[in-house]
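Trainee: Sequence and predicted structure below; questions after.
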Amino acid sequence: MAVDALDTRILRLLLEQPRTSVREYARLLGVARGTLQARLDRLERDGVITVAGPRVSPAALGHPVLAFVRIEVTQGRLDDVGEALAAVPEIIEALSITGGGDLLTRVAARDNAHLEDVIQRLIQLPGVVRTRTEIALRERVPYRVLPLVEAVGRSAAARRPERPGGRTGDAGGGKRAAG
């Protein structure tokens, strides 16, 4: 999905000020509320933004140990194991991967002993061949997408053809209707 300068500005505000109202976003961006709402609807419809609840810290919930567990699965059992992982509350994310293993899970645990208990539970799941665990020591770059959003916006602006009169496509600051 192509984003333009206004989309980039909208995404930046959503990421930097997630609890602001649509009316305030429109004011800050200098666009009509209807224009902003149309853009938000399109960004959501296209899957650029998703509606989600607050980001909860497992560490603040008493689960400060973060580990990544790679799981090797018996051929043909990937879906079964994936479904079984959903029943393990300490698994906060699971992804199918290439390379060493079939699944990569993000696991939150109270301590190392609890992590071992979770791993033992995973090993007992039908279809799991073996696991490999790596414990995160310190977060160096927190989850973020703003640098990516800005790079995509710059790339889109650079690709925009010049219009007659020396102007490039919509800079996104005007109050015209979204289309």
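Mentor: Thanks, I have the structure now.

Trainee: CA atoms for contacts and neighbours, from now on please.
Mentor: Fine.

Trainee: Find the residue at the geometric middle of the protein.
Mentor: residue 145 (7.4 Å; C-alpha atoms, centre = their mean).

Trainee: Give me the distance between the helix or strand of the chain with the lowest mean pLDDT and the centre of its chain.
Mentor: Within the chain, confidence by mean pLDDT, DSSP states H and E is lowest for helix 146-159 among all helices and strands, at a mean of 87. How far helix 146-159 lies from its chain's middle: 17 Å, per C-alpha atoms, centre = their mean, to the nearest Å.

Trainee: buried residues in that helix?
Mentor: 146, 149-150, 152-153, 157 (16 or more other C-alpha atoms under 10 Å).

Trainee: quick one: which of these is nearest to residue 61?
Mentor: Comparing the buried residues of helix 146-159 against residue 61 with C-alpha to C-alpha places residue 146 closest, at 26.4 Å.

Trainee: close enough to count as contact, the closest one and residue 12?
Mentor: Yes - counting by C-alpha atoms under 8 Å, residue 146 touches residue 12, with 6.4 Å between them.

Trainee: what about residue 35, is that helix, strand or coil?
Mentor: The assignment at residue 35 comes out as helix when based on DSSP: H, G, I helix; E, B strand; the rest coil.

Trainee: Count the residues that sit near it.
Mentor: If you count neighbours by other C-alpha atoms under 10 Å, residue 35 ends up with 17.

Trainee: Let me know the pLDDT of it.
Mentor: Confidence at residue 35, expressed as pLDDT, is 95.

Trainee: Check residue 76 too.
Mentor: Residue 76 carries a pLDDT value of 96.

Trainee: try residue 65
Mentor: If you check residue 65, the pLDDT there is 98.

Trainee: what number of residues lie near the closest residue to it other than its chain neighbours?
Mentor: Closest residue to residue 65 apart from its sequence neighbours, by C-alpha to C-alpha, 6 or more residues apart in numbering: residue 109 at 5.0 Å. By other C-alpha under 10 Å, 23 other residues sit near residue 109.

Trainee: and if you look at residue 56?
Mentor: For residue 56, using other C-alpha under 10 Å, the count is 8.

Trainee: and the closest residue to residue 137 other than its chain neighbours, what element?
Mentor: Excluding the flanking residues, the one nearest residue 137 by C-alpha to C-alpha, 6+ apart is residue 66, at 8.0 Å. In this structure, residue 66 sits in strand 65-73 according to DSSP states H and E.
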